[in-house]
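A.B. asks: Have a look at this fold, sequence not included:
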């Protein structure tokens, strides 16, 4: 069965596998808020566990905005979880009430157990925006200050840990500034921003990156809506679609480029914020995403079952026989 909660909207998620258990951390908001567009400002992080990515044990809320005034007292959004340095590490996006949620920063919490409890490292702040590389918020330039959705690799490369995140570069046309940001750390606590690993030119933003390797090829999934595509991208894709696609590279630090076509998109958006996961039931890769717009035009707010994927010649495509 899909991961669905009767009393909550759920959307963006991140995954951690340990032994035979598949862990999903999901953004969630009470359906009692009514308008699903308000979910982003009434958010917490939930946790669910499965052995097959289909049957889920929901274990409740495990992380939420700070209770006292803080840089992350308004929202705790999408992130990633790894195990390293003897602990579990949660990296997440935070915003503050005093800034009306407009300026995003990246936070860090740890736990001795994948089930929590999660404790912020210091005040939780791991990375703030570095204006040498990334666009600061200004009225009319973009709708927020993009510094979010941290994805941290669990193994060091060249002696340091690497974080990838959603950001925007400082120059260029509005809908070509979306980049995959980059930061490094020797210890997962002290982070230093670096230049983007994907320098943009195709989209206004690339949300919820997931970086991984298959058969010597590196992939970076992302999602966006067609309204945030560059004019050239829309023109070459019949106006564009909204959903999940990916970048490809020979090395995790790039250079990265969008793969041909678009992996899973539609108008209106059917599924969003997809991740490519190993399906323990089939032994092959699959796509999972949250269900966005239903047949009635309303927001759905649940997680899809695994959708089979084919990987051929370094490129993914949906399995046409799955009916998805």
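C.D. replies: Thanks, I have it. Quick caveat: nothing in here was measured; it's all calculated off a predicted structure.

A.B. asks: CA atoms for contacts and neighbours, from now on please.
C.D. replies: Will do.

A.B. asks: how about the spatially most central residue of the chain, what does it touch?
C.D. replies: By CA atoms, centre = their mean, the mean C-alpha position of the chain lies nearest to residue 208, the distance being 2.3 Å. Residue 208 sits next to 12, 78-79, 148-150, 165-166, 221-223, 273 when contact means CA atoms under 8 Å, 6 or more residues apart in numbering.

A.B. asks: Restricted to strands, list these.
C.D. replies: Mapping the contacts of residue 208 onto strands (DSSP state E) picks out 12, 78-79, 148-150, 165-166, 221-223, 273.

A.B. asks: Which of those ranks first by neighbour count?
C.D. replies: Greatest neighbour count in the ones in strands among the contacts of residue 208, by other CA atoms under 10 Å, goes to residue 150: 33 neighbours.

A.B. asks: and the nearest residue to that one once chain neighbours are set aside, what does it touch?
C.D. replies: Closest residue to residue 150 apart from its sequence neighbours, by CA to CA, 6 or more residues apart in numbering: residue 165 at 4.5 Å. For residue 165, the contact set (CA under 8 Å, 6+ apart) comprises 147-151, 180-182, 208-209.

A.B. asks: Need the residues you listed in TSV (columns: distance to residue 46 and pLDDT).
C.D. replies: Output for those, formatted as TSV (distance: CA to CA, whole Å; pLDDT from 0 to 100):
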residue	distance to residue 46	pLDDT
147	22	98
148	18	98
149	16	98
150	17	99
151	18	98
180	26	98
181	26	98
182	27	98
208	17	98
209	20	98
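
A.B. asks: quick revisit: and the residue nearest to residue 150, how far is that from residue 285?
C.D. replies: Distance of residue 165 to residue 285, given as CA to CA, to the nearest Å: 23 Å.

A.B. asks: Relative to the whole chain's centre, how far out is the helix or strand where residue 184 lies?
C.D. replies: Counting by DSSP states H and E, the element that carries residue 184 is strand 178-185. The chain centroid and the centroid of strand 178-185 are separated by 13 Å, computed with CA atoms, centre = their mean, to the nearest Å.
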